[in-house]
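Engineer: Return a 3D structure for these sequence lines:
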Amino acid sequence: MAFTGEEAGKRGSVYYAAHQQQYPLEKCIGMLNLDTVGRLGKKKLLVLGAGSAREWVHIFRGASFVTGVELETVSSDLDSSDQISFETAGVPAVQLFTGPNADYHRPTDTAEKIDAEGLEKVASVAKEVIEYLASREEPLTGTIKQNGKTISSTRKERKVSLGTIPDFAYSGSGCRISGVMPETPAEACGLKEGDVIVRINSEHVSNLKEFSDILKSLSPGTRIKITFLRGGQDMTVETEVKEK
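Structural biologist: Numbering: from 1, shown residues only. Predicted coordinates:
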């Protein structure tokens, strides 16, 4: 299935989850989302949302063994893509993700840059997992805390750009960056690959989701103070966020 409107608040997947009758979510044992899978290269394939069921780690470990594809499971909640619409409804769900790059969310992300061999690897992992789920009779052991509320497609959109490329596999405290985009506020203030952002102004940043939420609260032209760790040392810089 292909969902539309993901960037506008996951509108397609939210609508499906709230209105589906032929395949109701209470009968769905899992959801596998392929979003941003065209730039694997020599990196590990990331499995986001692996903490939504106890079995995901073991399922993907088996898929990695069978296919020979290196992968890394990420259990933290990143609110990253359409699988969240299913998680919110109580369905264990994951996203296959090859990671951000310098063209992420930019018009320079053109077709000739797709890693075809990497896509084959992603597909082979997806095939193994889907075939396993299709033959499994019992449900997965979900770890999602349901609130019983109706899913909403309303979310606060980010209006600013800092220019950091997040390290989605980082599980420590703070938000580690894997690089910075050229000609951005992040580059201008000297942020580098490996820096771990721990505070923006007076707000503490303990993970990527908190970092994203803080950016969503800012307006273009706002000047911010960023505290980060580099080589175990606290450092602070200032910069002005630009319109996204």
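
Engineer: Now do the helices in the chain.
Structural biologist: For the chain, helices defined by DSSP state H occupy the ranges 11-19, 56-67, 83-88, 116-135, 185-188, 208-216.

Engineer: Could you figure out how far the second one is turned away from helix 116-135?
Structural biologist: Same thing as helix 56-67. 120 degrees (axes from the mean of the first three to the mean of the last three Cα atoms, to 10 degrees).

Engineer: Give me whichever of the helices of the chain is most buried.
Structural biologist: A comparison of the helices of the chain by mean neighbour count, using mean count of other Cβ atoms under 10 Å, puts helix 83-88 on top with a mean of 25. In this view, the C-beta of every residue, glycine as well, is placed from N, C-alpha and C.

Engineer: list the helices and strands it packs on?
Structural biologist: helix 11-19, strand 31-34, strand 93-97 (3 or more Cβ pairs under 8 Å, 6 or more residues apart in numbering; DSSP states H and E).

Engineer: In JSON lines: the ones you listed, plus distance to Thr239 and mean pLDDT.
Structural biologist: Output for the helices and strands packed on helix 83-88, formatted as JSON lines (distance: least, Cβ to Cβ, whole Å; pLDDT from 0 to 100):
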{"stretch": "helix 11-19", "distance to Thr239": "32", "mean pLDDT": "92"}
{"stretch": "strand 31-34", "distance to Thr239": "33", "mean pLDDT": "96"}
{"stretch": "strand 93-97", "distance to Thr239": "27", "mean pLDDT": "95"}
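
Engineer: how long is stretch 20-37 end to end?
Structural biologist: 27 Å (Cα to Cα, to the nearest Å).

Engineer: Buried residues, that stretch. List them.
Structural biologist: Leu25, Cys28, Gly30, Met31, Leu32, Asn33, Leu34, Thr36, Val37 (16 or more other Cβ atoms under 10 Å).

Engineer: Could you give the separation of that stretch from the chain centroid?
Structural biologist: Its chain's average C-alpha position is 17 Å from that of stretch 20-37, according to Cα atoms, centre = their mean, to the nearest Å.

Engineer: hang on, the earlier thing: want to throw the helices and strands packed on helix 83-88 into JSON lines with distance to Ala188?
Structural biologist: Output for those, formatted as JSON lines (distance: least, Cβ to Cβ, whole Å):
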{"stretch": "helix 11-19", "distance to Ala188": "34"}
{"stretch": "strand 31-34", "distance to Ala188": "34"}
{"stretch": "strand 93-97", "distance to Ala188": "28"}
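
Engineer: residues contacting the residue nearest the centre of the chain?
Structural biologist: Nearest to the geometric centre of the chain sits Ser80, at 3.8 Å (Cα atoms, centre = their mean). With contacts defined as Cβ atoms under 8 Å, 6 or more residues apart in numbering, Ser80 is in contact with Asp35, Leu48, Gly49, Gln95, Phe97, Phe168.

Engineer: Select only the buried ones of those residues in ChimeraX?
Structural biologist: Buried residues within these, by 16+ other Cβ under 10 Å, are selected in ChimeraX with:
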select :48,49,95,97,168
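
Engineer: From the contacts of Ser80, pick the one nearest Ser212.
Structural biologist: Phe168 (11.5 Å; Cβ to Cβ).
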